[in-house]
Each structure stands twice: as C-alpha cells, then as structure tokens.
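Novice: based on what follows, work out the 3D shape:
(2 chains)
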Amino acid sequence: MSRVQQAFSRGKAFIPFITAGDPSLETTERLVIEMAAAGADLIEIGIPFSDPVAEGPIIQQADERALTAGTTTDGIFDMVGRIRQVCDVPLAFMTYMNPVFTYGTERFMQKCQDAGVDAVIVPDLPFEEKDELLPVCSRYGIDLISLIAPTSHERISMIASEAQGFIYCVSSMGVTGVREEINTQVGEMVKQVKAVRDIPCAVGFGISTPEQAAQIARFCDGVIVGSAIVKIVEQYGVNCVPPVIDFVRKMRLVMDQI
Amino acid sequence: MGKGRFGIHGGQFVPETLMNAVIELETAYNHFKQDSNFQAELLELLNNYAGRPSLLYYAEKMTRDLGGARIYLKREDLNHTGSHKINNVLGQVLLAKYMGKNRVIAETGAGQHGVATATAAALLGLKCEIFMGKEDTERQALNVYRMKLLGATVHEVTSGTQTLKDAVNETMREWTARVEDTHYVLGSVMGPHPFPTIVRDFQSVIGREVKQQILQKEGRLPDVLVACVGGGSNAMGLFYEFIEDSAVRLIGCEAAGLGIDTDKHAATMTTGTVGIFHGMKSYFCQDEYGQIAPVYSISAGLDYPGVGPEHAWLHDLGRAEYVAVTDDEAVDAFEYLSRTEGIIPAIESAHAVAYVRKLAPMMDKDKIMVVNLSGRGDKDVAAIARYRRVDLYE
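Specialist: Sure thing, here's the model as predicted:
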C-alpha cells in the first residue's frame, strides 16, 4: 500500500494544508511533525507562488509572507528531507505549474522522490494537460492528484478513471478560503467518482470548523482544511504550533466520531 | 498535448472549475463564427459603431524628417473608445450575449480594454465589472471614471504588484466564482485556449484592412510592420494576415522600461524564459524558481510579465522579431509624433513609433513600413506631464 493510500486506511482522513516558509521553514517543519503526531493523516505543503490564482486572500498572503521571508523550492526540499528522518506521514506538495516547470519537471520529481514527497497537487493542470507532468511523475513514483469541481459534471468519470492516489473534490466555486456555507452537493460528486472507481475522495475549499468537517466527512473519505489553519499561523506567527495543534486535535476527534 | 498550441506554446492551464467554461466558449465560438446573423451583427457594429475601417495614413512629414522608408500609420486610435481594443471587445461581448451570458468581467492595464468592455456592455445591455491594479487606477484615473460613467463597476486590485498581471489573477478568480452566468472578456491574445485564437481572429481585421489599403495606395505589400507588444493583441491583429508573406518583416516592440539591464522593465521576449502561467505556456519574466517577476513600464498597457503564445511561437520560428524600447525613447516618440504629425499616440503605441524612428532612416526611400497606432494618447497626457515634471494643477 502506498503512503497516500495509507492515509485513508484508518477511517475518515483529516488533511491539513500549510504554506511552506510561512512564517519560516523552521516553523513549517515543526508544524508538519507535530500535526502528524496529533493525528493528521496526510499533510499538504504549499510551495508558495507569486501568483496563486486558485487561492483566496488568506493563502495569497501566506504565499507573500513565505516568499518575502526568502523561501525557495530548494529550501523546501531540504526541509522535507529533514522531516522524513523523524516522520513518515504521507506528504503532498500543492503548487502551480510554473514553479514545477521552471525548476525542471524531471529535476522536481526526482527531488520529490529523494526527499520523500508522495504526491503533487497542481490546480492549474487540468486533465487535458496532464501529460505535462504525468509521465515524469510516474517515472519517480509520485502520485499526480486530480481535482474535480462543482462545474465538472460529465467530466468526473473521465477524470476518475485515470486518477491516482485520491481525488481532490473542490467543494465550491471560486477560490480557497473560509466559508459559512459548504455546498453539500459534493456528495453527488463523490458518488459519480465511486461509480467509476474505488478511489478515496477528499473534499476541500471552504471547510474551516469541526462542525463543517463532520458534516462533509459523511459524504466522503477525508476533508482538507487550509485557510482556517493558515489564519492561525498568520495570527500567531512563530508561536503558532500550539494553537494549530489544538485545532488539529479537535478535527481528529470529530473525524474519529464519524 | 492539449488544445490550442502554437508550437510548444499555448494550451489550457486552468483550474478544473473553468474547464467546462473554456470548452463551452470554444464550441460557441466555432459555431457563431460561421453564423451569418452573428457575423452580420458584428460587421454592423464594427462599421457603424466603432468606425471601421480605420484609416491608413501616409505620414509624409515624418517620412521626410526621418529620410528613409515611407511610413504609414494604421489609425486604430481613431476607433470609438480610442484604441484597437474595441475590435475584440465587440466580438466577445456579442459572443457572450449569443451564449446567453448576462454579465461580463475583464482585466485592464491602461484602462483601454476596460473602457472598451464597459462600452460594449453598455451598448449590448450586459452587466460589466472591471478589475484594475490599484497602481494603474492611480496612473489612469481618468479611465476609471470613464468606465464608471459607462455603467461598469471598477474593482481596485490590491494583491501582488497591483498592476495588469494581478488584475488578470483577480479576474480569473472572479470567473471561477461566477462562471455560470459570466463571460471573461480577455483583453489580449493570451490566457488559456481558446482566448489567444478568438482575440487574434477579432483583431485580425487590422491586418486585413492594411493589406487592402496598402495595395490600393502603393500597389504592393509593405516591407516592415511594426507594433507594440504587451500581451500582443494589436501586434497579432496587424501581423496575422501577413504571416504567410515571408518577405514582410514583422517587428514587435516590448517595453524596456528603465533598461533591460535593470530590473525595471517588461521585456518578456528579450529577457524572459519559457514558463506556464495565466493559462498558457509562453515566455515570462521570472526567476529561477518560476516566481513571476514584478515588471515595470511607464506604459500600464505593456506592463505585463508574459506575452501571447502565438507571438512566442513566431519568435521561436524567427518569423517575427522582438525589440525592446525604453521609457525615455517612448516618451520622446510620444512628443515627436505629436509635434510632427499632430497625432498624440498612446504611450503604448509610442513604443512602436520610437523603433520606427531608429529603423526608418536606415532603410531605402522606396521601402514601405506600416506602424500600428494602436491607441490615442489623451489618457497619457497627465502621466507624460508628470514625467517631464510639469505640474498641470498649479
């Protein structure tokens, strides 16, 4: 079983997202290790990008803070290498095409393999363009995660039939961020996936509270929480580890009760 | 490989949320470009609303002064709303209407595309929202007010560098949130397929007219075409009809800002590398990690870190040449054309005029060059005064 599959083997998965280097790579390193210990099943690490078009203001600002602090892709690979010496939590990079392409796709995926990254999520790489990354990902054993959205409709079966690792279900229209209401039609999207493939479905975009997570998790195999955690990081800066861990524990508790 | 490639460039690098929208747009465009009602309505708008065809003007004084090639100006500045942007916008807003969308959104840099979109939306009865970098709203305050007069809502974009690139980011984000009832009127030959093709087709009227007009006036094709390039829509519109005419040199002028050896420029072809951003593979100003560079030009319309994928391809093929023109050269050309021909060009178009001033004197007198005067300069008068340290409000 791959590490990504393991993430979904213990019941409903909780998947936190943080932006690497916000406010520093040392903090990110501690966060990943401590979140894993507190029960995160898979951790998404955002490689900051100057122009993150799929992100709302909270993660945009996190990317800006990280880049201003001098975070680089090389620094992030080094950090993952250090994390891997003490922690085997499944890890996925979330970034955009340009940081991967310009770094060199081959070099990027090789470093993912060397450092121990299990998957990559690239929101501006749709199904039709996945040949830009997929052959190289396959060569280095990195899962290329597919996304589906409320506007995907008939595309879902096509995407699901070739998906790897898990499917990232975008719960709402628009960008990432904290939302009051979560679209519960996501259950229908998951059903469409399962009609084609038995592959885990994790839902993200907008989920910020344990109550929302509990509500959504009934319809899927895991929930992804980004902006709500990044907001805590923004508020507490280098002292963010205890409050983030507190939040992760609450989420873990809710997931375990479903 | 996905759709809409120009050599290695182009493609459709957009979030899954937008995929059905770009597919729907492509289907609709392919349908309506063959539809006689659509074409008749567009032609009527272009001729009797926008004022096409635009003049091809022989700049006799400028020709004499520079002492070389015969210089013609394609007067896109005389179009309604004052630039070539209206060609694309009438096509796209009409297309949006035929597609049953009731709302359009657009990015704008200098404000020319925003004004054109607000104009077409007012005429065709669609709601309109424009996204403009905060820095540009300050540089082009008059155009902001103009868009509001036309009934559009203008959103100041405060993320990133607060210029054109960030306006595109924000418009894409808005489209992702409201894709069902909204069409994104992209302003240049860039972004994901099918935009580079749609915008090029709607702008190619420029080159088709030039070909007809120059054959009438000179009985032969021009030797050189010159146009400024930000995203590249006026240049693509001029070049497209002539790509097969291999004897015609195609020259695009990018913004060199304070100089390409500084970090204050927007010279994508001269200094950029291949990347994938804003939905397309093309050349971008970026660092070794793929972070998009904060670019600079005195011209808000050329202040963009990328370039349309078809230009990138013409560059790779060596079919078109791309040169860099500094702020200083563009401002000098702005003043030169005003004094010499009594035509105040947009500061964007002044980049092309600046290169003509260098090239024309080196060419024989029987050579012909056509410059795309893509826009008029009224919007820039205050900025040029500031540049020359003239206080208009004393």
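
Novice: need the contact list for the residue in the stretch 201-350 of chain B that chain A sits nearest to.
Specialist: For the stretch 201-350 of chain B, the residue closest to chain A is residue B:290, as judged by CB to the nearest CB, at 3.1 Å. (C-beta placed from N, C-alpha, C; glycine too.) By CB atoms under 8 Å, 6 or more residues apart in numbering or on different chains, residue B:290 lies in contact with A:49, A:73, A:98, A:99, A:100, A:101, A:102, A:103, B:275.

Novice: identify the spatial nearest neighbour of it, chain neighbours not counted.
Specialist: Counting by CB to CB, 6 or more residues apart in numbering or on different chains, residue B:290 lies nearest to residue A:102, which is 3.1 Å off, once chain neighbours are set aside.

Novice: equivalent analysis for residue A:39, please.
Specialist: residue A:252 (3.5 Å).

Novice: for the residue nearest to residue B:290, list the residues it contacts.
Specialist: Contacts of residue A:102 (CB under 8 Å, 6+ apart): B:273, B:275, B:286, B:288, B:289, B:290.

Novice: ok, now residue B:223?
Specialist: B:69, B:247, B:248, B:249, B:363, B:367, B:368, B:369 are the contacts of residue B:223 under CB under 8 Å, 6+ apart.

Novice: what's the pLDDT at the residue nearest to residue B:290?
Specialist: Here, the pLDDT recorded for residue A:102 equals 98.

Novice: so it sits in a strand?
Specialist: No. If the criterion is DSSP: H, G, I helix; E, B strand; the rest coil, then residue A:102 is helix and not within a strand.

Novice: how far away is it from residue B:178?
Specialist: Look at residue A:102 and residue B:178: by CB to CB, to the nearest Å, they are 31 Å apart.

Novice: over to residue A:211?
Specialist: 27 Å.

Novice: for the helix or strand where the residue nearest to residue A:39 lies, which positions count as buried?
Specialist: For residue A:252, the host element (DSSP states H and E) is helix A:241-256. Neighbour counts using 16 or more other CB atoms under 10 Å in any protein chain shown place A:241, A:244, A:245, A:247, A:248, A:251, A:252, A:254, A:255 of helix A:241-256 among the buried residues.

Novice: sorry, back to before: between residue A:211 and residue B:178, which one's more packed in?
Specialist: residue B:178 (15 against 10; other CB atoms under 10 Å in any protein chain shown).

Novice: wait, doesn't that one sit right on residue A:173?
Specialist: Yes. If you go by CB atoms under 8 Å, residue B:178 and residue A:173 touch, sitting 7.2 Å apart.

Novice: does residue A:139 touch residue A:108 like I think?
Specialist: No. Here residue A:139 lies out of contact with residue A:108, judged by CB under 8 Å, at a distance of 11.8 Å.

Novice: what's the pLDDT at whichever residue of the stretch 151-258 of chain A sits closest to chain B?
Specialist: Using CB to the nearest CB, the closest approach of the stretch 151-258 of chain A to chain B is made by residue A:174 at 3.3 Å. We have a pLDDT of 82 for residue A:174.

Novice: then the one 3 residues further on?
Specialist: For residue A:177, the model assigns a pLDDT of 82.

Novice: for it, phi and psi?
Specialist: Main-chain dihedrals, residue A:177, degrees, to the nearest 10: phi 160, psi 170.

Novice: quick one, what contacts it?
Specialist: Taking CB under 8 Å, 6+ apart as the test, what residue A:177 contacts is A:56, A:57, A:58, A:59, A:205, A:206, A:227.

Novice: and for residue A:155?
Specialist: Per CB under 8 Å, 6+ apart, neighbours of residue A:155: A:127, A:148, B:16, B:19, B:20.

Novice: on that earlier part again, please read off the pLDDT at the residue nearest to residue A:39 from the model.
Specialist: pLDDT, read off for residue A:252, is 97.

Novice: wait, it touches residue A:13, no?
Specialist: No. Taking CB under 8 Å as the definition, residue A:252 is not a contact partner of residue A:13, at 10.3 Å.

Novice: how many neighbouring residues does the residue nearest to residue B:35 when sequence neighbours are not counted have?
Specialist: For residue B:35, ignoring the flanking residues on the chain, the nearest one in space by CB to CB, 6+ apart is residue B:98 at 7.9 Å. Counted with other CB under 10 Å, the neighbours of residue B:98 add up to 16.

Novice: from residue B:37, how far off is residue B:98?
Specialist: Distance, residue B:98 to residue B:37, using CB to CB: 9 Å.

Novice: where do the strands of the chain begin and end?
Specialist: You didn't pick a chain, so chain A it is. Counting by DSSP state E, chain A has strands at residues A:13-19, A:43-46, A:91-94, A:119-121, A:143-148, A:167-170, A:201-204, A:222-225.

Novice: other chain: chain B
Specialist: Using DSSP E, strands in chain B cover B:5-6, B:9-13, B:56-58, B:70-75, B:103-108, B:127-133, B:153-157, B:182-184, B:224-228, B:249-257, B:273-277, B:279-284, B:320-326, B:368-373.

Novice: residue closest to the middle of the chain?
Specialist: Answering for chain A, as no chain was given. Per CA atoms, centre = their mean, the C-alpha nearest to the average position across chain A is that of residue A:44, at 3.5 Å.

Novice: not what I meant, chain B
Specialist: residue B:233 (3.9 Å).

Novice: that residue reaches residue B:197, doesn't it?
Specialist: No. Contact between residue B:233 and residue B:197 fails when scored by CB under 8 Å: they sit 11.9 Å apart.

Novice: hang on, the earlier thing: out of residue A:139 and residue A:108, which sits in the busier spot?
Specialist: A count of neighbours by other CB under 10 Å puts residue A:108 above the other of residue A:139 and residue A:108, at 27 against 12.

Novice: so who does that one touch?
Specialist: Contacts of residue A:108 (CB under 8 Å, 6+ apart): A:73, A:100.

Novice: cool, residue B:249 as well?
Specialist: Here residue B:249 is in contact with B:223, B:224, B:225, B:321 (CB under 8 Å, 6+ apart).

Novice: among these, who's most crowded?
Specialist: residue B:225 (29 neighbours).

Novice: now do the contacts for the closest residue to residue A:58 other than its chain neighbours.
Specialist: Distances taken as CB to CB, 6+ apart place residue A:227 nearest to residue A:58, at 4.2 Å, with adjacent residues excluded. Contacts here follow CB under 8 Å, 6+ apart; on that basis residue A:227 touches A:56, A:58, A:59, A:176, A:177, A:178, A:206, A:208.

Novice: cheers, nothing more for now.
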